[in-house]
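sequence first, then the predicted structure, then my questions.
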Amino acid sequence: MEAPVDQNPEFRRWLETQNGYTRKVLDWLPQRGALRTRLAALAALADVVTAVPQVSLAEGRWFYLKLEPGEQTPKLYARDVRARADRELLDPDTLPGGDASHWAID
């Protein structure tokens, strides 16, 4: 395993060289300002849009993961198709372990 960046001067120099090259290439692009503005606008959407990347249907229910703006961990939900009602089934952040552990639904 590599030493952390602050304890590995060779890797640190390599990172700084790569950063310098990348900065030189990006600064050269005439459309850099417009590109930066567009990327910032897209990044801002991640903070206001609820993400539901996949839905699975089983026995009249949709099962899906939902990530609300500002959250780091998706929650598992079920939606009764006929009743049009959503129900949270599992919030990994409520599982035991606190800050010492991380739970995720894959």
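Received, thanks.

what count of nearby residues applies to the spatially closest residue to residue 49 that is not a sequence neighbour?
Spatial nearest neighbour of residue 49, chain neighbours left out: residue 69 (6.6 Å); criterion: CB to CB, 6 or more residues apart in numbering. Yep, even glycine has a C-beta here, placed from its N, CA and C like the rest. Other residues near residue 69 come to 11 when the count uses other CB atoms under 10 Å.

repeat that for residue 8.
Look at residue 8: counted by other CB under 10 Å, it has 13 neighbours.

give me the next element, helix or strand, following the strand or helix carrying residue 13.
Here residue 13, judged by DSSP states H and E, is contained in helix 9-28. Using DSSP H and E, the helix or strand that directly follows helix 9-28 along the chain is helix 32-45.

okay, the angle between that next one and helix 9-28?
Per axes from the mean of the first three to the mean of the last three CA atoms, to 10 degrees, the angle that helix 32-45 makes with helix 9-28 is 110 degrees.

number the residues from 40 up from this point.
Let's use 40 as the start, then, which means that last one is helix 71-84.
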